[in-house]
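Visitor: here you go, sequence then predicted model.
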Amino acid sequence: MIPLEWMPPLMFAGLVVFMIIGYPVAFSLAAVGFFFGFLSIEMGYFTMAFMQAIPGRVFGSILSNELLLAIPFFTFMGAILEKCGLAEDMLESMGQLFGPVKGGLGYSTIIVGFILGAITGTVAAQVIAMALITLPVMMRYKYDMRYATGVLAASGTITQLVPPSLVLVVLADQLGRSVGDMYLGAWGPSLMQIAIFAAYTYYLTLVKPHALPPVPRTLFGKALLIKCAWGIIPAAVLIFLVLGTIMMGLATPTEAGAMGTIGAIVLAVVRNAPLTKFDRLAFGAGCAAALIGALIGTVAFKSISFKIAFTIMFAAIVWLCWRAWEVRELRELIVQAFQATMRITAMVAFILVGATCFSITFQGVDGNQWVEHLMSSLPGGVWGFLIVVNLFVFFLAFFLDFFEIAFIIIPMLAPVAQKLLTPVVGADAALIWFGVMICVNVQTSFMHPPFGFALFYLRSVAPKEVKSSDIYWGSVPWVLLQLIMVAIVIFVPWTVTVFLDKPSGVDPSKVKIEIQAPPSDDAPPPVFGAPPKN
């Protein structure tokens, strides 16, 4: 007979054994959950009826969760943008703007990484695209190789933190918080991290100016203006379609992801397809109709003119999407994007189902109480809890993917975080602070050797002259900068809560609603104009 208090640590040990063997995490979670579930039934810790919660949660909280629909939309959009050439144009335009400054190519890489992150670019797409364009230029002008590889890899991982990051969507779902609030909480750390990266680059230009030389500008005047507009305006439109509509309350994350996907397809057609005269006319008419319709909608939302304008816009979108399917290269790109989206979505769904099997059994053997007691008894109180949890997640990220950490670890820690962090930042902001903190931490998983995927992506496209040792050693300062950002978020919660709505300070349990009874039929009618009684 295994004591009840031994069951939670044994479940963790069993999961570790499966992962060491190399068995897929989704099936490892389900296997451990079912094994200890049936073992607990035999020992009388709960009944078979308790396990019925598994299909109920799978069909009720996973397959019918509208928030998780944002994952395939954002993934599909990232896959389309990966090949449409937007990153290349942005890098070239930013390189022209910042090139003549010492470290200019580094600044442009950081800024483009931030902008691509705001259009939900994937880490792989960002690192590969920026390395193919920027690394040869850096090598030509004798940039320090460790700095060059480090800034490329670090700028690619920024997408994990910048809204509308998929990481933030998943964390909001697992923590039971609004995606909009999670995005608002992430803006402070993401902007601060960009500033830290830029400050480090500026510091290197002071102590080692020869390592980050300026690059001469090749475009001037009108040509420079057109180049910058061609790289920046499409990005700004996509950022509005995705982030702007969410922040303004016009769309949910799922709806914003759908609009961003359509915008990415239209952008791919305009930039990469051989456009006919009618295609250009449809694109121009669609843009004009969208602007006119938006202006009309501010004053007459349900008017006929508003409906006509948006009908023209929808017709233009349908035509351009059809053109994307007609062009062979774009059709192949869309098929590849669908395949990548299906793979990632299926992986997430299987991990969620396995995590549900594990978590139901874990709750049945009082695992939540075990975790709460373990974390609450740490020395240092709230700060001890945050430091230990972040160190734990940092080392887990050496071996586990973010989705696995989010679906296994976060639900166990969330109740403890809510209890311990509420006195510091309030009940409304506690889990937002905790979620953003984990997001800042998890992005290091793409950077730290020897398993950082950003380093693998960079190695796959870097020229042979670039040594692997330069890639790995070049990542170390940037990982330290990311850890400094984690420490700032831990000890300065204001960086997360500054954009959040302030709590009202009203206790709902103490609100009283008094309803005055209507006068009875026997009461005398009021006399208007009579003097008040003393």
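Guide: Cool, the structure landed.
Visitor: can you classify residue 382 by secondary structure?
Guide: Look at residue 382: counting by DSSP: H, G, I helix; E, B strand; the rest coil, its state is helix.
Visitor: what's the closest non-adjacent residue to it?
Guide: Spatially, and ignoring its direct neighbours in sequence, residue 382 is nearest to residue 420 (5.0 Å; CB to CB, 6 or more residues apart in numbering). Where you see a C-beta, it was placed from the backbone N, CA and C, and this is true even at glycine.
Visitor: likewise for residue 159?
Guide: Residue nearest to residue 159 in three dimensions, not counting chain neighbours: residue 117, with 3.6 Å by CB to CB, 6+ apart.
Visitor: which residues of the stretch 351-500 of the chain score low on pLDDT?
Guide: Along the stretch 351-500 of the chain, segments meeting pLDDT under 70 span 449-451.
Visitor: equivalent analysis for the stretch 1-150 of the chain, please.
Guide: 82, 120-122, 125.
Visitor: before we move on, back to that, gap between the residue nearest to residue 382 and residue 500?
Guide: 19 Å (CB to CB, to the nearest Å).
Visitor: who's more crowded, the two?
Guide: residue 420 (22 against 18; other CB atoms under 10 Å).
Visitor: is it true that that one touches residue 380?
Guide: No. Checked against CB atoms under 8 Å, the pair residue 420 and residue 380 is beyond contact range at 10.9 Å.
Visitor: and stretch 484-493, how far out from the chain middle?
Guide: 19 Å (CA atoms, centre = their mean, to the nearest Å).
Visitor: got it, and stretch 178-192?
Guide: Distance, stretch centre to chain centre, for stretch 178-192: 10 Å (CA atoms, centre = their mean).
Visitor: average model confidence for that stretch?
Guide: The average pLDDT within stretch 178-192 is 90.
Visitor: contact partners of that stretch?
Guide: The contact list for stretch 178-192 (CB atoms under 8 Å, 6 or more residues apart in numbering) reads 67, 70, 114, 117, 158, 161-165, 168-169, 171-172, 175, 243, 246-247, 249, 252-253, 429, 432-433, 435-436, 439-440, 485, 488-489, 494-501.
Visitor: and what of stretch 421-438?
Guide: 168, 171-172, 175-177, 181-182, 185-186, 189, 382, 386, 390, 393, 405, 410, 413-414, 417-418, 486, 489-490, 493, 496-497, 500-501, 503.
Visitor: and the buried ones among these, selectable in ChimeraX?
Guide: Per 16 or more other CB atoms under 10 Å, the buried members of the contacts of stretch 421-438 correspond to this ChimeraX selection:
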select :168,171,172,175,177,181,182,185,186,189,382,386,390,393,405,410,413,414,417,486,489,490,493,496,497,500
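Visitor: narrow the contacts of stretch 421-438 to those in helices?
Guide: Under the assignment DSSP state H, the contacts of stretch 421-438 contribute 168, 171-172, 175, 181-182, 185-186, 189, 382, 386, 390, 393, 405, 410, 413-414, 417-418, 486, 489-490, 496-497 to helices.
Visitor: if we can go back for a sec, can you count the residues close to the residue nearest to residue 159?
Guide: Neighbour count of residue 117, defined by other CB under 10 Å: 25.
Visitor: find the helix or strand that the residue nearest to residue 382 is a member of.
Guide: Following DSSP states H and E, one finds residue 420 within helix 410-425.
Visitor: and for residue 332?
Guide: With elements taken from DSSP H and E, the one containing residue 332 is helix 328-364.
Visitor: right, and the helix or strand after that helix?
Guide: Of the helices and strands lying after helix 328-364 in sequence (DSSP H and E), the nearest is helix 367-376.
Visitor: and that following helix, which residues are buried?
Guide: Buried, per 16+ other CB under 10 Å, within helix 367-376: 367, 368, 370, 371, 372, 375.
Visitor: between those, which is closest to residue 351?
Guide: Closest approach between those and residue 351, by CB to CB: residue 367, at 18.5 Å.
Visitor: check contacts around the closest residue to that closest one other than its chain neighbours.
Guide: Spatial nearest neighbour of residue 367, excluding adjacent residues (CB to CB, 6+ apart): residue 8 at 3.9 Å. Residues counted as contacts of residue 8 (CB under 8 Å, 6+ apart) are 362, 365, 366, 367, 370, 371.
Visitor: from those, which two are the most distant?
Guide: Pairwise distances across those peak at 11.6 Å for 365 and 371 (criterion: CB to CB).
Visitor: residues contacting the residue lying closest to residue 35 once chain neighbours are set aside?
Guide: Excluding its sequence neighbours, the residue lying closest to residue 35 (CB to CB, 6+ apart) is residue 14, at 7.2 Å. By CB under 8 Å, 6+ apart, residue 14 lies in contact with 32, 35, 36.
Visitor: run a quick neighbour tally on the nearest residue to residue 212 once chain neighbours are set aside.
Guide: Nearest residue to residue 212, sequence neighbours excluded (CB to CB, 6+ apart): residue 103, at 3.9 Å. Residues near residue 103, counting by other CB under 10 Å, number 27.
Visitor: my guess is residue 103 contacts residue 210, does it?
Guide: No. Between residue 103 and residue 210 there is no contact under CB under 8 Å: 11.4 Å.
Visitor: stretch 134-150: end-to-end distance?
Guide: Stretch 134-150 has an end-to-end distance of 12 Å (CA to CA, to the nearest Å).
Visitor: and the helices in the stretch 1-150 of the chain?
Guide: Ranges of helices in the stretch 1-150 of the chain, per DSSP state H, counting those that start in this stretch, are 7-21, 25-43, 53-57, 70-83, 86-98, 104-117, 123-140, 145-157.
Visitor: correction: the stretch 201-350 of the chain
Guide: Counting by DSSP H, counting those that start in this stretch, the helices of the stretch 201-350 of the chain are 221-239, 245-247, 253-272, 277-297, 304-326, 328-364.
Visitor: most tightly packed of the ones you listed?
Guide: helix 253-272 (a mean of 22; mean count of other CB atoms under 10 Å).
Visitor: CA-only coordinates of that one, as CSV, when you get a sec.
Guide: What follows is helix 253-272, C-alpha atoms only, in CSV (Å, rounded to 0.1, in the frame of the first residue of the first chain):
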residue,chain,number,x,y,z
PRO,A,253,-7.6,37.0,-30.3
THR,A,254,-9.1,34.3,-32.5
GLU,A,255,-10.9,36.8,-34.8
ALA,A,256,-7.8,39.0,-34.9
GLY,A,257,-5.7,36.0,-35.9
ALA,A,258,-8.2,35.2,-38.7
MET,A,259,-7.9,38.8,-40.0
GLY,A,260,-4.1,38.7,-39.8
THR,A,261,-4.1,35.5,-41.8
ILE,A,262,-6.1,37.0,-44.6
GLY,A,263,-3.9,40.1,-44.4
ALA,A,264,-0.8,37.9,-44.8
ILE,A,265,-2.2,36.1,-47.8
VAL,A,266,-3.1,39.4,-49.5
LEU,A,267,0.4,40.8,-48.7
ALA,A,268,2.0,37.7,-50.2
VAL,A,269,0.0,38.1,-53.4
VAL,A,270,0.8,41.8,-53.7
ARG,A,271,4.5,41.3,-53.1
ASN,A,272,5.2,38.0,-54.8
